[in-house]
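> Fold the following and give me the result.
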Amino acid sequence: MLILALGAIAVLSPIVAWRWPAGLLQNTWRWPLLIWATLLLQFVALQLSMPHAVAAALHVFTYVSAIAFLWLNRKFPGVILVGIGALSNGLVIALNGGTLPASASAVERAGRGATPEFANSAVLENPVLPWLGDFFAWPAPMPLANTFSIGDVLIIAGVFVAAWSGSQRIPWPKITEPPQEPHPVGDVSR
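Residues are numbered from 1 along each chain as shown. Model prediction:
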């Protein structure tokens, strides 16, 4: 949830500066249904009960489809940065059997406990490329306390770039003075 919340903040951040994220909204994205299908499949892999091997394979596949979407849309600002972050996470997940390795100290700082079912991020014995896993923590008792990776940081940075590129200033409403009544000719009250 932390990464989703930060992604939403990144998308909406231009509005704080009275700018509209027009670049994101006006782009003609190629294969947009692919990213929505990816998000749906990731929800299924992470939230529904299924055999570990199936969940792990589905989790890896969601990164393959996300990277395919990003490759198709690489001409847009920020997409390459999101793609590098997604590729980093996806590669480490694939090399670790479908789970992003997490640092035990980051998990402890985030106040996360072990889960008996499939976890997209967990402390693993002998992980491959552990420094690319969930090495950082948004600590408890902060809202949305969780662990995150350098790939997640790159993804959020790319979303910020995408949201701000092509952002357009929201025009302030013009305040005009009401028209003055013309004085009749010969009016001596002036």
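> got the residue ranges for the helices in this structure?
Secondary structure of the chain by DSSP state H: the helices cover 2-16, 22-26, 32-47, 52-72, 79-95, 104-110, 150-164.
> Least reliable of those by average pLDDT, please.
For the helices of the chain, mean pLDDT drops lowest on helix 22-26, to a mean of 79.
> Show me what that helix is packed against.
For helix 22-26, the elements it packs on are helix 150-164, judged by 3 or more CB pairs under 8 Å, 6 or more residues apart in numbering; DSSP states H and E. Any C-beta I mention is one placed from the backbone N, CA and C, and that applies to glycine too.
> Centre of the chain to the helix it packs on, how far?
Computed by CA atoms, centre = their mean, to the nearest Å, the chain-centroid distance of helix 150-164 equals 7 Å.
> and the angle from that helix to helix 2-16?
20 degrees (axes from the mean of the first three to the mean of the last three CA atoms, to 10 degrees).
> circling back: what about the helices of the chain, which gets the closest to P139?
helix 104-110 (4.6 Å; CB to CB).
> Show residues contacting that closest one.
The contact list for helix 104-110 (CB atoms under 8 Å, 6 or more residues apart in numbering) reads V123, D134, F135, F136, A137, W138, P139, A140, A145, N146, T147.
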